[in-house]
Structure formats: C-alpha cells, structure tokens
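Asker: 3D model of this:
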Amino acid sequence: MDLEPYLNRTFSGFKAEDFPAGTKIYMGKVRDIITLDGKLLITTSDRVSAFDRVLSTIPCKGELLNRMALFWFDETADIIPNHIIRRVTARTVLVKQCKVLPIEVIVRGYLTGSAWRDYEKGRPVSGIRLPEGLKRDQKFEKPLLTPSTKAEIGLHDEPISREEILNRKLVPADVWEKVEAAAFALFARGTQTAARNGLILVDTKYEFGIDADGNVVLVDEVHTPDSSRYWYADTYEAYFEQGKDQRKVDKEFLRQWLMERGFSGNGEAPSIPDDVRLELARKYINAFETVTGIPFVPESLPPEEELKAVRAELS
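Answerer: Numbering: from 1, shown residues only. Here you go, the predicted model:
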C-alpha cells in the first residue's frame, strides 16, 4: 500500500471555532471529544504522542486505532458492557457519557518496560513487591494489575497501589472489585485472541467508567498499539534466553527513535521526518492486520468531510 499520498491529508484534529459557539469540546493527546446530552462524540485524530507529548501526525493512525478499538469492544462485550452506541465514521464514534474513574488500570503479563525499570532499582511495582532473581521480559506466573493515576497533559502518570486507591477513596471498594475482575478477564481474552494470531499481549491499559444507570463500563480504547504492548510469539523464548530485545508490534519504535536522539519527555522534541512517520504508519497497519486478521483498506474521510459528518451529529 502506497502511504505517501496520505502524508498531506492527515487529520490533526478539530478547532473550537469549527463548531457553533457553546459547543463543549475537549482536545486530548489523540482524541477530540464533543459533549452532547448524555452522550459524547469521540473523534480519533492522527496525532501521535510519546512521553506524554503530542509530536506529529501519522497517516491513517486515527482510523486504525478507532477500528481496532471497535473490533475489541465487540470481542469483549460478553465480559463487560462498553460505552459504544454506534460508529459515525471510520474515526468517529458516538458513545454514552460516563463518569470516568480517575485511575488507569494496567495489566502486565511480563516484567518489562517501566515495571522492569522499577524492579531493577529495587522498587515495588505499584505497591507489589516482586521476588528476587527475575529477568527482564520474564513472564509472570499470574498477570499483575498495576494501577496508575491519570495525569494532566504534559505531566506523567504515577504508579499507585490498590491500598492507596481504597484508602484515599479514589474508587469505592465494590466498584474496584468489579474493575479488577473485569481487567483480568479482558486481559485473558486479549491474550487468547493475540495467541491465535501469533502474538503475545504483553501489557495493556484499560479505562473504566460509571454510566447513567450506575454500571461499570469499559471506555476509551482497548488493546490498540497506543494502549498495549505486543510481542511476536515465535521468537519470544529464544530472545528471552539470549537477553535480546523482543520483536515488537507497538509504538515503542517511536519512543526508541526519540530516546536515541536524547529526548525522553523533557526539553525540545526532535522534528519527526516523513520517513519515520511512514514507517510508524506501516507498523500501525501491521498491528491492525495481525491482531484483527482483517486486511486494512482506508475508509477515513478527508478532514473537511470528517468535520461535516461530526457537525451533522450536532444538529
């Protein structure tokens, strides 16, 4: 697939002046959210973020993330209800407005990433003290649930223990029990589906909310490359034994590229050239096709048509 024509038609998001005065719109790192009466219109842009900073746009990224999230919402609807009402466009959905819990729920199947960095320094992982002698990328006997606080844009999320969540009454105890059970069940389903496609679901982030009827529901996105880490299963054991970096299907490519140039969230970020943007787009397409088993054919509208479609939902 030739992606170069899409470099100049990426969707960077809406502006407040695109809509009538009084429209309630929030621009996040990746998503633009319009508040309606008890509902939200969520449009996934092509913006890409790393280290909690928005850095550029990636061709087709918003559509890929939205369609993959819809795939997983369908795959997991029997485990827990979600906020989806209907798809509006390839990158926009209409959802139920929920009171989102102030905690990101991270489930880890392997000792890697920030968990490994904390472990290496002798620190607990979200209050969990792990046994000595573990190796980088080692599989846990059972997945760990490692929550974190939700930081404002530009700030970093912070690990938090289960005890702190309950002691500070950030989430009621009965709700947290449902969240924990759902998170582990979702991770198990994701692990099974990924395995069928030759992948390992390494770790992932979930967000939950409370709907108007008081139900705990799954919100935001599920098992996308922005929220999850995937490795290829066929080389895991060999690479682990050799201490080599695992083959990845996620956006660690961009993070690695940035770190090689001395950027890890502080100071001025390097400009991302088109060849890197295209390579990252190919990785997102590969992730979509590998995880879902669906060949990717772009369906997203040009930015001006996307705006028309979203405006029509407001009338």
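Asker: which sections of the stretch 201-315 of the chain are below the confidence cut-off?
Answerer: Applying pLDDT under 70 to the stretch 201-315 of the chain flags residues 250-251.
Asker: where exactly do the strands run in it?
Answerer: Taking DSSP state E, counting those that start in this stretch as the test, the strands found in the stretch 201-315 of the chain are 216-219, 228-232.
Asker: Which residues are in contact with the spatially most central residue of the chain?
Answerer: In the chain, the C-alpha nearest the mean C-alpha coordinate belongs to Ser227, at 2.3 Å (Cα atoms, centre = their mean). Contacts for Ser227 (Cβ atoms under 8 Å, 6 or more residues apart in numbering) come out as 204-206, 220-221. (C-beta placed from N, C-alpha, C; glycine too.)
Asker: Including mean neighbour count and distance to Lys39, could the strands of the stretch 201-315 of the chain go into CSV?
Answerer: Listed next are those as CSV, based on neighbours: other Cβ atoms under 10 Å; distance: least, Cβ to Cβ, whole Å:
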stretch, mean neighbour count, distance to Lys39
strand 216-219, 22, 13
strand 228-232, 23, 27
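Asker: looking at these, which is closest to Phe71?
Answerer: Comparing those against Phe71 with Cβ to Cβ, the closest turns out to be strand 228-232 (12.7 Å).
Asker: tell me how far the closest one is from the chain's mean position?
Answerer: Centre-to-centre, strand 228-232 and its host chain are 12 Å apart (Cα atoms, centre = their mean, to the nearest Å).
Asker: name the helices or strands packed onto that strand?
Answerer: Judged by 3 or more Cβ pairs under 8 Å, 6 or more residues apart in numbering; DSSP states H and E, the packing partners of strand 228-232 are strand 199-210, helix 274-292.
Asker: Single out the most deeply packed of these.
Answerer: The highest average neighbour count among the helices and strands packed on strand 228-232, using mean count of other Cβ atoms under 10 Å, belongs to strand 199-210 at a mean of 22.
Asker: So which elements touch it?
Answerer: Judged by 3+ Cβ pairs under 8 Å, 6+ apart, the packing partners of strand 199-210 are strand 99-100, strand 103-110, helix 173-196, strand 216-219, strand 228-232.
Asker: Adding distance to Ala21 as columns, could you present these in a markdown table?
Answerer: Below are the helices and strands packed on strand 199-210 laid out as a markdown table (distance: least, Cβ to Cβ, whole Å):
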| stretch | distance to Ala21 |
| --- | --- |
| strand 99-100 | 26 |
| strand 103-110 | 34 |
| helix 173-196 | 37 |
| strand 216-219 | 28 |
| strand 228-232 | 39 |
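Asker: Out of these, which gets nearest to Phe140?
Answerer: Closest to Phe140 of the helices and strands packed on strand 199-210 is strand 103-110 (Cβ to Cβ; 6.1 Å).
Asker: Relative to the closest one, what are the paired strands and their orientations?
Answerer: Strand 103-110 has the following sheet partners, assigned by DSSP bridges: strand 139-145 (antiparallel), strand 148-149 (antiparallel), strand 199-210 (antiparallel).
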